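Asker: I need the structure of the sequence given here:
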Amino acid sequence: MGKLFRAVFFLIILIAIGLIGYAYIGPIFGADFSAPQREMRVTVPLDGS
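Answerer: Numbering: from 1, shown residues only. Purely as a prediction, here's the structure:
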């Protein structure tokens, strides 16, 4: 049972390293992680009473 937990822990560590690596190296290979940007104008009523 200990070997199973050790293997799962090792797999989680490898997955985390892979995700972090993809976040840093992904834009070099064309992956775009930026959010789509657009201008929004919303009128806000200001009541002075």
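Asker: where does this structure dip in pLDDT?
Answerer: Applying pLDDT under 70 to the chain flags the ranges 49.
Asker: I would like the residues contacting stretch 32-42, please.
Answerer: 23, 26, 27 (CB atoms under 8 Å, 6 or more residues apart in numbering). (Glycine included, C-beta is placed from N, CA and C.)
Asker: Measure how buried residue 14 is and give me the count.
Answerer: When counting by other CB atoms under 10 Å, one arrives at 10 neighbours for residue 14.
Asker: element containing it, please.
Answerer: Using DSSP states H and E, residue 14 sits within helix 2-25.
Asker: Can I get that helix as PDB, trimmed to CA atoms?
Answerer: What follows is helix 2-25, C-alpha atoms only, in PDB (Å, rounded to 0.1, in the frame of the first residue of the first chain):
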ATOM      1  CA  GLY A   2       2.900   2.300   0.700                       C
ATOM      2  CA  LYS A   3       4.300   1.800  -2.800                       C
ATOM      3  CA  LEU A   4       0.900   2.800  -4.300                       C
ATOM      4  CA  PHE A   5       0.800   6.100  -2.300                       C
ATOM      5  CA  ARG A   6       4.400   6.800  -3.200                       C
ATOM      6  CA  ALA A   7       3.600   6.200  -6.900                       C
ATOM      7  CA  VAL A   8       0.600   8.400  -6.800                       C
ATOM      8  CA  PHE A   9       2.500  11.100  -5.000                       C
ATOM      9  CA  PHE A  10       5.300  10.900  -7.600                       C
ATOM     10  CA  LEU A  11       2.800  11.100 -10.400                       C
ATOM     11  CA  ILE A  12       1.100  14.200  -8.900                       C
ATOM     12  CA  ILE A  13       4.600  15.900  -8.700                       C
ATOM     13  CA  LEU A  14       5.300  15.000 -12.300                       C
ATOM     14  CA  ILE A  15       2.000  16.400 -13.500                       C
ATOM     15  CA  ALA A  16       2.500  19.600 -11.500                       C
ATOM     16  CA  ILE A  17       6.000  20.100 -13.000                       C
ATOM     17  CA  GLY A  18       4.500  19.400 -16.500                       C
ATOM     18  CA  LEU A  19       1.700  22.000 -16.000                       C
ATOM     19  CA  ILE A  20       4.200  24.600 -14.800                       C
ATOM     20  CA  GLY A  21       6.500  23.900 -17.700                       C
ATOM     21  CA  TYR A  22       3.600  24.200 -20.200                       C
ATOM     22  CA  ALA A  23       2.600  27.500 -18.700                       C
ATOM     23  CA  TYR A  24       6.100  28.900 -19.200                       C
ATOM     24  CA  ILE A  25       7.000  27.200 -22.600                       C
END
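Asker: Perfect, I'm done here.
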